[in-house]
Structures are given as structure tokens and as C-alpha cells.
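Student: Fold the following.
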Amino acid sequence: MSTPRTIAFIGAGNMANAIIGGMLENGFNADNLWVSAPDDSHLQRIRKQSGVSVTTDNRYCAQQADIIVLAVKPQIMRSVCEEIAPVVQNTRPLIVSIAAGLEVDTLDGWLGGGMPIVRCMPNTPSLVGKGSAGLYATDSVGDDQRKAVTAIFEGVGIALWVPDEAMLHSITALSGSAPAYFFLMLEAMEEAGDELGVEREQASRLAIQTMAGAAEMARRGPDEPAQLKRNVMSPGGTTEKAVETFEDGDLRGLVRRACQAVIKHSKAMAAQLRDNAS
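Tutor: Residues are numbered from 1 along each chain as shown. So this is what the prediction gives:
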């Protein structure tokens, strides 16, 4: 970033720590990072580990920042926003929320109105630097602010902007919730291996390595997944029989229905949070 910015994290959970770690690895200066949380002993461990400034005072933390990352649970977001509202109305920082379901209008109301806000839907692989984040910005967010937010989340993976806040429901289905889909597949492969006489630890290692290798092949390209699948299959071979079994079981339809279920529930959660905010 061409101009140093001070970034404050309100909330110090796993996701906040992952993002901070990624930022530091990508050249952000620890002197420009602040973190607040109620547990001072936890904050002191973060300070010793990363060199960032810490405080238990959310208002003081917010006062330091050009960008504030709201990294608290949706259930306590209102109280946090209302606590820092007098500060941000005076200093006008960029607000970035990583709380699921809370829409920008709700957040803006709690913060006193008229704030530039970015909503982010990250996922848990951010904890190992392989995250995917969907981002949505209000019209008042400037290009330089967008670039700053992109840099923050690219520190722990990839960051993609969407033009419509409602698309974050789809991002939740395709990315936010999706690590669990792959863990389910891994669990099923471990169980199948065990039934086939392969020790569970060995089956787990084989499945994890295969999953990681297949993902890397897809990432590198240039072939699309359909072609990569065909490359593994020989006509009349063993892989073809396995793929036919998946197709006969309507795996594609099951994935679609699972994604639709996530979107439906995500919208319902957002509506409930919106109603509770009024």
C-alpha cells in the first residue's frame, strides 16, 4: 500500500488472528495494527506474538484507525457498534465487517449512519493462508479503500468483489460453508477405506493428499474440471465405474440442493437479524 494506514480489529478470535498474521507476512507494519478484546491476557499473548498494539477499550481502539475491522459475533455486534458510534461519526474510518448475516444498512444504523462499509464473507481456510473471501462495498467506499481491503484479505488467500450484497448469500454457499463439504467427503473416504481394509490413518493420509493434489491441478489449469475428470477416466476402467456411481446417485443435484439450503438459511438469518435490529 502506498500510504500507511492504521487498521484496528475489534474482536480477537481465530479469524481476526489469521487475517492479522497474513497481513504481517505480506509486509504490513505491526506498528499500524491495533486489536481490542475484553480478555487482556489473550490480548497480551497476541501482542507478544505479533507486536501489534492492544487494548480492552473498543472506543480507544477505534480512535486509532483509518480502517476498522469488526470481527465480533453477530449477537454482540449491535452493542459494539453503538459503543464506537460516537467515535466513528467523528473520525469517519472505513468499516469492514466479517460477521455473517448482518447487512450494511443494519450496521450503518447502529454506527450512526453515513459510514463507508465493506461486508466480507471469509472462510476457515484463511487460518492456513488458503482462504476465499467475498467482498461487497457500499457506494461511499472509494477505490483506494477497496484496494486496501483487497490487500488485507489477499494476505490469507483470495478476495473477490461482488456488485450486489445479496450475492454474499451465494458466496456463503460456494465458499463460506464449503470447507465442510470437503471435510464430509474426506470423512466418507476415510470410512470407505476402513471398510476396505486400509488402516484409517493411512486412508486419511491418502485422501488428504489426493484432495490437495486434485485441487492444485484444478488451480493451475488450463483444463477445466470436466476435462481433468476425463483425464483420469479410461473407457471401461475403474474410475469410470466410480464416476458413474456418483452420477447415478445424483451427486450434482445433491450439491445444488445443499447450496440452495445454505442460501435459504442465510437469507432467513439475515432477515431475523434485520428484524431484531429494528
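Student: hey, which helix is longest across the protein?
Tutor: Secondary structure of the chain per DSSP state H: the longest helix is helix 251-277.
Student: What helices and strands are in contact with it?
Tutor: helix 104-110, helix 167-171 (3 or more CB pairs under 8 Å, 6 or more residues apart in numbering; DSSP states H and E). The C-beta positions use only the backbone N, C-alpha and C, and glycine is treated the same way.
Student: which stretches of the stretch 1-150 of the chain form helices?
Tutor: For the stretch 1-150 of the chain, applying DSSP state H, counting those that start in this stretch gives helices covering 14-25, 40-50, 58-63, 74-91, 104-110, 143-154.
Student: I'd like to know which elements the last one is packed against.
Tutor: Identification of packing neighbours for helix 143-154 by 3+ CB pairs under 8 Å, 6+ apart yields helix 14-25, strand 67-70, strand 94-97, strand 117-121, strand 131-137, strand 157-161.
Student: Same question for the second one.
Tutor: On a contact count with 3+ CB pairs under 8 Å, 6+ apart, helix 40-50 meets helix 14-25, strand 33-36, strand 53-55.
Student: Now tabulate the helices and strands packed on helix 143-154 in a markdown table and tack on mean neighbour count, mean pLDDT and distance to residue 197.
Tutor: Putting those into a markdown table (neighbours: other CB atoms under 10 Å; pLDDT from 0 to 100; distance: least, CB to CB, whole Å) gives the following:
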| stretch | mean neighbour count | mean pLDDT | distance to residue 197 |
| --- | --- | --- | --- |
| helix 14-25 | 20 | 92 | 37 |
| strand 67-70 | 26 | 98 | 49 |
| strand 94-97 | 25 | 98 | 49 |
| strand 117-121 | 25 | 97 | 41 |
| strand 131-137 | 23 | 97 | 36 |
| strand 157-161 | 16 | 96 | 37 |
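Student: so how far does stretch 23-38 reach from one end to the other?
Tutor: End-to-end distance of stretch 23-38 (CA to CA, to the nearest Å): 23 Å.
Student: Report the buried residues of it.
Tutor: Across stretch 23-38, burial judged by 16 or more other CB atoms under 10 Å covers 23, 24, 28, 32, 33, 34, 35, 36, 37.
Student: what's the closest non-adjacent residue to the first one?
Tutor: Right, the one you point to is residue 23. Once flanking residues are discounted, residue 23 sits nearest to residue 155: 4.6 Å by CB to CB, 6 or more residues apart in numbering.
Student: And the residue lying farthest from the centre of the chain, how far from residue 248?
Tutor: Distance from the C-alpha centroid of the chain peaks at residue 236, with 41.2 Å (CA atoms, centre = their mean). Going from residue 236 to residue 248 by CB to CB, to the nearest Å gives 17 Å.
Student: Repeat that for residue 100.
Tutor: From residue 100 across to residue 248, the span is 35 Å (CB to CB).
Student: If you count surrounding residues, which of those two has more?
Tutor: Taking residue 100 and residue 248 together and counting by other CB atoms under 10 Å, residue 100 has the greater number of neighbours (19 against 8).
Student: Residue nearest the middle of this structure, spatially speaking?
Tutor: With distances taken as CA atoms, centre = their mean, residue 122 lies nearest the centre of the chain, 0.9 Å away.
Student: where does the chain dip in pLDDT?
Tutor: Applying pLDDT under 70 to the chain picks out residues 1-4, 278.
Student: let's see 80
Tutor: Where the chain drops to pLDDT under 80, the residues are 1-4, 276-278.
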